[in-house]
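# This is a predicted model, with the sequence first.
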Amino acid sequence: MIILITNTENNHEKSLIALLLLSGCASQGVDRDDQGHIIKHYYATVESIEKVKLSSEIGTGTGIMVGAGIGLAEDLDGNTEDMISGAIAGALIGGLFTALFEGGNTAYQYTLNDVDNGEFIVIQKKKLPKSTRCVRVKTGNKVKLEATNDSFCLNINNTKS
């Protein structure tokens, strides 16, 4: 990523240059997580969609403890107050980074049915429309669901007893 700031009085020009350079960093290529994995696509009917809450790593305190340790270590050469304030600041930053890394705690549990796999569950953060009755399932390193036309699932429904 390259950020270019020109010596000009026009702030819009600076913003445009930075935006163009940053947008060049994004690509629409193949998902990096899929390299070295067998990828399969198939269709499944949606039996139910339920909103669920994901557990959080913040409760375990790992990010907070690491942040506090780093903050404390940074101020070891200071007095006790510096060490305490460094530990508190580090804990806050560690907890913040953990929360940012995790994202929201809301996800969706999809109960799906497929002729080959039977009934199975996929949990993902992406919300599909409630009217979704058929999904394209992509399995690789991760499982991804994509709403699709119901006609792709007609064969599934016709083979059920």
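Arrived safely, thanks for sending. On a predicted model such as this, the values are computed, not experimentally measured, just so you know.
# Checking my notes, Ile88 in a strand, right?
No - remark: Ile88 does not belong to a strand; assigned using DSSP: H, G, I helix; E, B strand; the rest coil, it is helix.
# That one and Asp82: what is the separation?
Computed with Cβ to Cβ, to the nearest Å, the distance linking Ile88 and Asp82 is 11 Å. For every residue, glycine as well, the C-beta is placed using N, CA and C.
# Just the CA coordinates for the longest strand belonging to the chain, please, in CSV.
The longest strand of the chain (DSSP state E) is strand 40-53. This file holds the C-alpha atoms of strand 40-53, laid out as CSV (Å, rounded to 0.1, in the frame of the first residue of the first chain):
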residue,chain,number,x,y,z
LYS,A,40,-16.9,-28.4,-3.7
HIS,A,41,-20.1,-26.6,-4.7
TYR,A,42,-23.6,-28.1,-4.2
TYR,A,43,-27.1,-27.0,-3.6
ALA,A,44,-29.1,-27.5,-0.4
THR,A,45,-32.6,-26.6,0.7
VAL,A,46,-33.0,-24.2,3.7
GLU,A,47,-35.0,-25.9,6.5
SER,A,48,-34.6,-23.0,9.0
ILE,A,49,-32.7,-19.8,9.7
GLU,A,50,-32.0,-18.8,13.3
LYS,A,51,-30.2,-15.8,14.7
VAL,A,52,-27.5,-16.9,17.2
LYS,A,53,-24.9,-15.2,19.4
